[in-house]
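Colleague: The following comprises the amino acid sequence and a computationally predicted model.
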Amino acid sequence: MSKPMHICNHPGCNEVIPYDQRYCKKHDYRKPVDYANKEQRHEFNKETYYKRTHSDREGKYQLFYRSTQWRKLSHHWLMLHPFCASCEAQGRMRKGDVVDHITEIRDDWSKRLDTNNLQTLCYACHNRKTWKQKQVRKKRRESQTDRSQR
């Protein structure tokens, strides 16, 4: 009897792998961790967590989204505005899941707790908006590197 199979967890990869693995050989670039060994698992998780929270690009934002100020504000906002703003504008009533910054905090840190900069979005609308903003940021970075190379 063969093992059940599933698709690799790496986004966009369609490689079929055994069910007890998370990634195919191409995408399993992490060092192997013996998850049965609690000490090794703890060190791996600690290292990953430290990288995420202390990197120059991510640390400040990760800490903000876990702060008491943000949790209280976002909870209160969801209670007052329970429907997705984007869907509502299109005439659909869908429950909102995420409190979103209209102007991302990466672009203007001072607006992180400004209620005029908040909106409620469903996961689909939030993911769409985030993807579009990442593309804009990527194009902006590319155009800046093009100008600096001239």
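Modeller: Great, that's in hand.
Colleague: same for the helix or strand harbouring residue 136, what does it pack against?
Modeller: Element membership of residue 136, judged by DSSP states H and E, is helix 123-149. On a contact count with 3 or more Cβ pairs under 8 Å, 6 or more residues apart in numbering; DSSP states H and E, helix 123-149 meets helix 85-89, strand 98-101. C-beta: built from backbone N, CA, C; applies to glycine.
Colleague: out of these, nearest to residue 8?
Modeller: Checking these against residue 8 by Cβ to Cβ gives strand 98-101 as the closest, at 26.9 Å.
Colleague: List the strands paired with that closest one, with their directions.
Modeller: strand 118-121 (antiparallel) (DSSP bridges).
Colleague: Outside of the partner strand itself, list whatever touches it.
Modeller: 73-74, 77-78, 81-86, 96-102, 129 (Cβ atoms under 8 Å, 6 or more residues apart in numbering).
Colleague: What does the pLDDT read for the residue lying closest to residue 81 once chain neighbours are set aside?
Modeller: Once flanking residues are discounted, residue 81 sits nearest to residue 120: 4.5 Å by Cβ to Cβ, 6 or more residues apart in numbering. Predicted confidence (pLDDT) at residue 120: the value is 96.
Colleague: And for the one 3 residues further on?
Modeller: Residue 123 carries a pLDDT score of 89 in this model.
Colleague: and the helices and strands packed on helix 123-149, which is most packed in?
Modeller: Highest mean neighbour count of the helices and strands packed on helix 123-149: strand 98-101, a mean of 18 (counted as mean count of other Cβ atoms under 10 Å).
Colleague: Could you tell me how far that one lies from the centre of the chain?
Modeller: 12 Å (Cα atoms, centre = their mean, to the nearest Å).
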